[in-house]
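J.: everything below, folded, please.
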Amino acid sequence: MLWDALPSALDLARFQFAFTIVWHFLFPAFTIGLASYLAVLEGLWLATGRAVFLETFQWWLRIFAIAFAMGVVSGIVMSYQFGTNWSVFSDRAGPTIGPLLGYEVLTAFFLEAGFLGVMLFGLKRVGRGLHFLATCCVAGGTLLSAFWIISANSWMQTPTGFEMSPDGRFLPVDWWAVIFNPSFPFRFAHVVTAAYLTTALIVGAVGAWHLLRDSANRHARLMFSMAMWMALVVAPAQVVIGDLHGLNTLEHQPQKVAAMEGHWEERRTEAPMILFAMPNMEAERNDLEVSIPGLGSLILGHSWEAEIRGLKSFPREDRPTNVPLVFWSFRVMVGLGLLMVALGITAFVMRLRGRLYDTPWLHRFAIAMGPSGLVAVTAGWIVTEAGRQPFTVYGLLRTADSVAPIAAPAVATSLALFIVTYFVVFGAGIWLLLRLMGAPPHPAQEGPEEGTPIRTAGITPAPGLPDKRVAPAHPAE
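T.: Sure thing, here's the model as predicted:
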């Protein structure tokens, strides 16, 4: 019947949470790295006195403020779903993850919000040292926020440090084990480096965009140079961290790894690395498979003799509910990661040849890679969350047992309102961000001019600190 083909309340609730969290994480994935980038720019300005650092800081500060605001708004909306669509999950897991989310607000969000105003408006009012401290506090707050959020989510992936109450609630007995659960160190490092890489790619794309229009623009040169240094260092580091994270996932969530790799059969030795396939969940096989023999065992277990469990080794009800989604999302993430490594190495070669700023094809490559970080982190979260299904707390609490007793029409109505509101509000916000990024960077009116003391630009040095003369700007090589 037609009615039976309609999505259930569980399906709609899952899609609503997925929709809101994808929108939400686009902004923290950018602002975590951008806050640290701003702190570095201001620190370089204080250390060198070069106005180009301050002007670039002020140019990106407006963009950060808008992105930060959209991240806050989308995060608040998402949190309400714990009390509506997922109230059963909140009741059972709340004693453990509730405090973690509370710590995020108390220690991280308050730190960010408390110093954000000083960071945005206090440069001429509180002195250079205090303003730099405020910028560092905002940057530190974003990292601390990621710490608590990833800790809570990692506990859902690898739950430890709790005991079950007679009524089925997860009661914490060891907070150290809860916070520093087995997957947390790897996932936190993976997320933070991904955020830094995402920011570097966006900053690099913006710098490349303006270099194509004016290769002598010193602000664009600075952006592009710093971004390519970051890509050169962080992209390969992300590959190593991702490998360690994969080994941890293989140990604690073998079903997820089997879905990521597309393995149906158990392989006791020399498992292949599947490059391309169409996973067929009904027939429990891969169609149109293209693979490299033996390489899967070497990559996953670091040995040709490593044993890889296939999806058929697990009961159907315990396997990821959408294997093709996990399989292809993983390949999108890995494929983009390899392109990021290629971009960093290519830019380094051009730098050595003295052609970093006058190679248009490299700049077009960087522009094309601008949104790749956002796509990669989205794909990564899909792998993490879709691969954890059908559980909310891995192996202990099923998603079907976590949803609130709300009728499908009610969830569908709220979902429709979310979709319309998000596309209007955040669509306008993203349009504004792109408009600001497209405006050519130029010396800020309130910033110091080249060769003039910082005091004459209206910025009073902190007590006891002498004025610094601003050295003539030159491209950051």
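J.: contacts and neighbour counts: CA atoms only from here.
T.: Fine.
J.: ok, for Thr269, nearest residue in space, not its chain neighbours?
T.: Distance criterion Cα to Cα, 6 or more residues apart in numbering; nearest residue to Thr269, sequence neighbours excluded, is Glu305 at 4.5 Å.
J.: count of neighbours near that neighbour?
T.: 15 (other Cα atoms under 10 Å).
J.: so it makes contact with Arg268?
T.: Yes: using Cα atoms under 8 Å, Glu305 is in contact with Arg268, at 7.2 Å.
J.: ok, now how distant is the nearest residue in space to Arg267 that is not next to it in sequence from Val326?
T.: Leaving aside its chain neighbours, Arg267 sits nearest to Ile308 (5.1 Å; criterion: Cα to Cα, 6+ apart). Ile308 sits at a distance of 17 Å from Val326 (criterion: Cα to Cα, to the nearest Å).
J.: those two: who's more crowded?
T.: Comparing Ile308 with Val326 by neighbour count (other Cα under 10 Å), the higher total belongs to Val326, at 28 against 25.
J.: point me to the helix or strand that includes the more buried one.
T.: Val326 is part of helix 323-352, with elements assigned from DSSP states H and E.
J.: list the buried residues for that helix?
T.: Of the residues in helix 323-352, 323-334, 336-337, 340-348, 351 count as buried by neighbour count, 16 or more other Cα atoms under 10 Å.
J.: how about stretch 300-315?
T.: Neighbour counts using 16+ other Cα under 10 Å place Leu300, Gly301, Trp304, Ala306, Glu307, Ile308, Arg309, Gly310, Leu311, Lys312 of stretch 300-315 among the buried residues.
J.: and the residue nearest to Met164 when sequence neighbours are not counted, how many neighbours?
T.: Nearest residue to Met164 in three dimensions, chain neighbours excluded: Phe170, at 5.0 Å (Cα to Cα, 6+ apart). Residues within reach of Phe170, counting by other Cα under 10 Å, total 23.
J.: so who does Phe170 touch?
T.: Counting by Cα atoms under 8 Å, 6 or more residues apart in numbering, Phe170 makes contact with Arg92, Ala93, Gly94, Pro95, Thr96, Phe162, Glu163, Met164.
J.: where does it fall, phi/psi-wise?
T.: phi -90, psi 110 (degrees, to the nearest 10).
J.: also Pro320?
T.: Residue torsions, per degrees, to the nearest 10, at Pro320 are phi -50, psi 140.
J.: ok, it touching Gly395?
T.: No: if you go by Cα under 8 Å, Pro320 and Gly395 don't touch, sitting 11.7 Å apart.
J.: so is Met156 in a helix, a strand, or just coil?
T.: Reduced to three states with DSSP: H, G, I helix; E, B strand; the rest coil, the structure at Met156 is helix.
J.: state the distance from it to Tyr394.
T.: Counting by Cα to Cα, the gap from Met156 to Tyr394 is 6 Å.
J.: looking at these two, which is more packed in?
T.: Met156 (24 against 20).
J.: show me the contacts for the more buried one.
T.: Met156 touches Thr392, Val393, Tyr394, counting by Cα under 8 Å, 6+ apart.
J.: tell me the SS of the first one?
T.: This means Thr392. With three-state DSSP as the basis, Thr392 sits in strand.
J.: I'd like the numbering to begin with 45 instead of 1 from here.
T.: Got it, the first residue is 45 from now on, which makes the last one we talked about Thr436.
J.: circling back to that earlier point, Three-state assignment for the residue nearest to Thr313, please.
T.: What three-state DSSP gives for Glu349 is coil.
J.: got phi/psi on it?
T.: In terms of degrees, to the nearest 10, the main-chain angles of Glu349 are phi -100, psi 10.
J.: what does the pLDDT read for it?
T.: For Glu349, the pLDDT comes out at 74.
J.: which residues sit in contact with it?
T.: Each residue near Glu349 by Cα under 8 Å, 6+ apart is listed here: Arg312, Thr313, Glu314, Ser341, Leu342.
J.: number of nearby residues for the closest residue to Met384 other than its chain neighbours?
T.: Nearest residue to Met384 in three dimensions, chain neighbours excluded: Ala279, at 6.1 Å (Cα to Cα, 6+ apart). By the criterion of other Cα under 10 Å, Ala279 has 25 neighbours.
J.: correct me, but Ala279 touches Ile389?
T.: No: with contacts counted by Cα under 8 Å, Ala279 stays clear of Ile389, the gap being 9.6 Å.
J.: so Ile193 makes contact with Leu145?
T.: Yes: under the criterion of Cα under 8 Å, Ile193 makes contact with Leu145 at 6.6 Å.
J.: and the strands in the stretch 295-444 of the chain?
T.: 317-324, 329-336, 435-437, 441-442 (DSSP state E, counting those that start in this stretch).
J.: indicate which one of those strands is closest to Thr465.
T.: With Cα to Cα as the measure, strand 435-437 is the member of those nearest Thr465 (27.1 Å).
J.: so what touches that closest one?
T.: So strand 435-437 is contacted by Phe133, Trp199, Met200, Gln201, Thr202, Pro203, Leu441, Arg442, Thr443, Ser446 (Cα under 8 Å, 6+ apart).
J.: so where does the nearest residue in space to the last one that is not next to it in sequence fall, helix or strand?
T.: For Ser446, the nearest residue in space outside its immediate sequence neighbours is Phe133; the separation is 4.4 Å by Cα to Cα, 6+ apart. Using DSSP H and E, the element containing Phe133 is helix 131-147.
J.: so which bits of that helix are buried?
T.: 131-138, 140-141, 144-145, 147.
J.: which residues does Leu78 contact?
T.: Leu78 is in contact with Phe108, Tyr240, Thr243, counting by Cα under 8 Å, 6+ apart.
J.: pipe the residues you listed into CSV and attach pLDDT and distance to Val117 per row.
T.: Below are those laid out as CSV (pLDDT from 0 to 100; distance: Cα to Cα, whole Å):
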residue, pLDDT, distance to Val117
Phe108, 93, 14
Tyr240, 95, 22
Thr243, 95, 20
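J.: who wins for most neighbours among those?
T.: The most crowded member of the contacts of Leu78, judged by other Cα under 10 Å, is Thr243 (28 neighbours).
J.: any idea how far Arg257 is from that residue?
T.: For Thr243, the distance to Arg257 equals 22 Å [Cα to Cα].
J.: quick one: end-to-end distance for stretch 301-318.
T.: The stretch stretch 301-318 measures 12 Å between its terminal residues, going by Cα to Cα.
J.: isn't Gly414 right up against Ala249?
T.: Yes: between Gly414 and Ala249 a contact is recorded at 4.9 Å, counting by Cα under 8 Å.
J.: how many residues are close by Leu54?
T.: Neighbours of Leu54 under the rule other Cα under 10 Å: 22.
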